[in-house]
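Participant: Here is my input, please return the structure:
(one chain, ligands or ions: 1)
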Amino acid sequence: MTVTPLEITRPASVTDTFLRQLVDRVPGSAGATWPLTEVYTGEVLVELPQSTPADIEAAFATARAAQRQWAATPVKERLAVFRRAHTLFVDNARTVTDLIQAESGKNRRMAIEETCDPPMVMSHYLKRAAKLLAPVRRGGPVPLLSNSTEIRQPKGVVGIIAPWNFPFATGISDAVPALMAGNAVVLKPDNKTALSPLLGVRMLEEAGLPAGLFQVVCGEGPDVGPTLIDNADYVMFTGSTATGRVIGERAGRNLIGCCLELGGKNPMVVLEDANLAEAVQGAVFGAFGNTGQICMHIERLYLPESRYDEFRDAFVAAAEALDVRAAYDFGPEMGSLVSVDHLRRVQSHVEDAVAKGATVLCGGKPRPDLGPAFFEPTILEDVTKDMLCGVTETFGPVVALHRYRTVDEAVALANDTDYGLNASVWGGDLGAARAVAARIESGNVNINDILATAYASKGTPSGGVKNSGVGSRHGDQGLLKYTDVQNMAVLKKQVMGPRPGEDYAKHVDRVLSGLKMMRKTRIR
Ligand code: NAD
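Facilitator: Next up is the predicted model:
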């Protein structure tokens, strides 16, 4: 494929000086760098330092030292940093958007949406964190004479490994509850998309986060991963299922906890009574939003036989009408894939499907005339499980249409996957739609929406089942996972053993009748 550099006006904020200041904090003692490029043109934006194992160890040592003082800072003072950060993040959303677009190639509408995620997470935990982190007094084994208190201690230093598809959201939003809970963070963003998270860290420091507490190290995953995991007290990983297994194995060997937010092969089920216009509009976002590079996006669409043709025709027309191009304004409805390498993966999925009998209803081709990594919105029919895109995540703007005859068949088809991250069910009768949603094996299910309602519900834990992950972000778990519980127990008087001189058999009688009493008593 020939790569034609585009004439495109880069945003005024993306200057060499600004970018060099951003990457300056990344340690790279061996002098190695990685050419971070503007996706739309393929031009190098900045040379990103690559961290050596010694650099990563030093980053952890600095973070660990800063963490001790941070953990001793009252929760109220810690939270005040995020109250200020919230304002800074919203005020600087457009500059963050410029960076996200330059490094990821996504369209501006998606990039600005991404900037909203950390402030939403901050807002939620600003309301919830103090309560979650407060000690909870509970009853002890001997009513009145004993008690136990659940005390939340920070884990220490949390290692975060983030992907390129939502670099700012995954890099910063997952750090927010970790920091609020009193931890330090060492973040490894993807090399391709390190700029926006680096600006996020800078804004947190401007808001008052102590220097040293939030470290950023960079490098290719297999180079940085092992040292990062071996030094961390907990790992938060977002990325592919294959890498998630590697991370999980190493964390397990080190006996540290981890949260793994992995890939999906997400189904959308349209029920007979769905509002078709809305469902088509939803499917356009579900399949092509963020150029199909959202972990929760839709790659399999199940339609009732009776409405198949009507839906297909409207969906194909809408996909063909999409404004796909490179621009740093809000015009384009779809942008680029993240890289030429990723384009090859997406293209290979489509070519494999076509070679095995799939039909291309629209799209199916790279668009080098638009930029090096552009690929057309693509709708396929006749996709089967012997095709790559029939079973594995394509992670591009490619979706397959399928017919079903009964709701049971639709549910069975939706569940016929190793993944379980997100699902979308569309129907007029909400009770019926809920009943279908409840039968889908998936960590998230959206009714009459694709993914935003579930993902933006920050009070509810969101994670994958099956091969889509372990643990979750958001909700109480999204913060508590970054803590250990200390069970501090107090016995006011030593009464649990036999009394002096008491016959042991008598003591046993007393203990057993005490057990019966404890079940009946209301004292906890
Ligand atoms: P990836 O697994 O290749 O990389 C993710 C991160 O892990 C990158 O920073 C990468 O450098 C690093 N990495 C790679 N190999 C590593 C190793 N051996 N040790 C340590 N770190 C390593 O994934 P990707 O292609 O960057 O991202 C796309 C994937 O992420 C898709 O599968 C998508 O579904 C998934 N994703 C999931 C969620 C979610 O919340 N479930 C969100 C976004 C993306």
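Participant: who in the stretch 151-300 of the chain is up against the ligand?
Facilitator: By CB under 6 Å from any ligand atom, the residues of the stretch 151-300 of the chain that approach the ligand are 161-166, 170, 188, 190, 221-222, 225, 238-240, 243, 246-247, 261-264, 295. The C-beta positions use only the backbone N, C-alpha and C, and glycine is treated the same way.
Participant: Give me the subset of those that lies in helices.
Facilitator: The helices, defined by DSSP state H, take in 221-222, 225, 243, 246-247 from those.
Participant: Does N444 touch S457 like I think?
Facilitator: No: between N444 and S457 there is no contact under CB atoms under 8 Å: 9.3 Å.
Participant: low-confidence ranges in the chain?
Facilitator: Within the chain, the ranges that satisfy pLDDT under 70 run 1-6, 523-524.
Participant: Would you mind splitting it into its domains for me?
Facilitator: Under automatic domain parsing, the residue ranges defining each domain of the chain are 16-262+476-483, 266-462.
Participant: so can I have CSV of these showing mean neighbour count?
Facilitator: Below are the domains of the chain laid out as CSV (neighbours: other CB atoms under 10 Å):
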stretch, mean neighbour count
domain 16-262+476-483, 20
domain 266-462, 20
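Participant: need those domains in a markdown table with distance to K493, can you?
Facilitator: Output for those, formatted as a markdown table (distance: least, CB to CB, whole Å):
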| stretch | distance to K493 |
| --- | --- |
| domain 16-262+476-483 | 5 |
| domain 266-462 | 41 |
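Participant: Could you work out which of the ones you listed reaches nearest to E7?
Facilitator: Closest approach to E7 among those (CB to CB): domain 16-262+476-483, 8.7 Å.
Participant: Mind telling me which residue of the stretch 51-200 of the chain is nearest the ligand?
Facilitator: P163 (3.3 Å; CB to the nearest ligand atom).
Participant: For the nearest residue to that residue once chain neighbours are set aside, give its distance to N290.
Facilitator: Once flanking residues are discounted, P163 sits nearest to G239: 4.5 Å by CB to CB, 6 or more residues apart in numbering. Using CB to CB, to the nearest Å, G239 is found at 15 Å from N290.
Participant: With V136 instead?
Facilitator: Distance, V136 to N290, using CB to CB: 40 Å.
Participant: do Y328 as well
Facilitator: In terms of CB to CB, Y328 sits 16 Å off from N290.
Participant: these two touch, right, L388 and S348?
Facilitator: Yes: counting by CB under 8 Å, S348 is a contact partner of L388 at 7.1 Å.
Participant: what packs against the helix or strand where A287 lies?
Facilitator: For A287, the host element (DSSP states H and E) is helix 276-288. Packing partners of helix 276-288 (3 or more CB pairs under 8 Å, 6 or more residues apart in numbering; DSSP states H and E): strand 266-270, strand 298-304, helix 308-320, strand 398-404, strand 422-426.
Participant: Could you dump these into CSV with distance to L213 added?
Facilitator: As requested, those are arranged in CSV below (distance: least, CB to CB, whole Å):
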stretch, distance to L213
strand 266-270, 36
strand 298-304, 38
helix 308-320, 46
strand 398-404, 41
strand 422-426, 33
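Participant: quick one, which of those is nearest to R20?
Facilitator: strand 398-404 (37.3 Å).
Participant: Assign the residue lying closest to V391 once chain neighbours are set aside to helix, strand or coil.
Facilitator: Sequence neighbours aside, K385 is the residue nearest to V391 in space, at 5.5 Å (criterion: CB to CB, 6+ apart). Following DSSP: H, G, I helix; E, B strand; the rest coil, K385 is assigned to coil.
Participant: three-state assignment of the closest residue to N92 other than its chain neighbours?
Facilitator: In this structure, N92 finds its nearest non-sequential neighbour in M203, 6.3 Å apart by CB to CB, 6+ apart. Classification of M203 using three-state DSSP returns helix.
Participant: which ones are touching M203?
Facilitator: 85, 88-89, 92 (CB atoms under 8 Å, 6 or more residues apart in numbering).
Participant: Closest one of those residues to A314?
Facilitator: F89 (37.9 Å).
Participant: centre of the chain versus the helix or strand encompassing that closest one, how much separation?
Facilitator: Under the criterion of DSSP H and E, F89 resides in helix 75-91. With CA atoms, centre = their mean, to the nearest Å as the basis, helix 75-91 stands 22 Å off its chain's centre.
Participant: Quick check: what element follows it along the chain?
Facilitator: helix 93-104.
Participant: contact partners of that next one?
Facilitator: Here helix 93-104 makes contact (CB under 8 Å, 6+ apart) with 10-11, 13-14, 36, 38-40, 45, 89, 106-108, 111-112, 114-116, 164-165, 167-168, 192-196, 199-200, 328, 335, 338.
Participant: Go through the residues you listed and flag which are in strands.
Facilitator: If you go by DSSP state E, the contacts of helix 93-104 have 36, 45 in strands.
Participant: Please list the members of the contacts of helix 93-104 that lie in helices.
Facilitator: 89, 108, 111-112, 114-115, 167-168, 195-196, 199-200.
Participant: hang on, the earlier thing: the residue nearest to P163 is in contact with W164, isn't it?
Facilitator: No: in this structure G239 lies outside contact range of W164 using CB under 8 Å: 9.1 Å.
Participant: Could you tell me the angle between the longest helix seen in the chain and helix 75-91?
Facilitator: In terms of residue count, the longest helix belonging to the chain (DSSP H) is helix 53-72. For helix 53-72 against helix 75-91, the angle by axes from the mean of the first three to the mean of the last three CA atoms, to 10 degrees is 120 degrees.
Participant: and helix 53-72, what does it pack onto?
Facilitator: By 3+ CB pairs under 8 Å, 6+ apart, helix 53-72 packs against strand 146-154, strand 157-161, strand 184-188, strand 214-216, helix 221-231.
Participant: And the helix holding F89, what does it pack against?
Facilitator: With 3+ CB pairs under 8 Å, 6+ apart as the test, helix 75-91 has helix 117-133, helix 175-180, helix 195-206 packed against it.
Participant: Mind picking the two most distant members of the ones in helices among the residues of the stretch 151-300 of the chain next to the ligand?
Facilitator: Counting by CB to CB, the most remote pair of these is P222 and I247, 11.0 Å apart.
Participant: and the chain, which of its residues are near the ligand?
Facilitator: 161-166, 170, 188, 190, 221-222, 225, 238-240, 243, 246-247, 261-264, 295, 393, 395, 421, 464, 469.
Participant: Which one of the contacts of M203 is nearest to R519?
Facilitator: A85 (48.9 Å).
Participant: excluding its backbone neighbours, what's nearest A59?
Facilitator: Distances taken as CB to CB, 6+ apart put Q215 closest to A59, at 4.0 Å, once the chain neighbours are dropped.
Participant: Please apply the same query to P11.
Facilitator: The shortest distance from P11 to any non-neighbouring residue, by CB to CB, 6+ apart, is to D98 (3.9 Å).
Participant: who's N487 bridged to?
Facilitator: Beta-bridge pairing of N487 under DSSP bridges involves E150.
Participant: same question but for V269, I mixed them up
Facilitator: Y302, V425.
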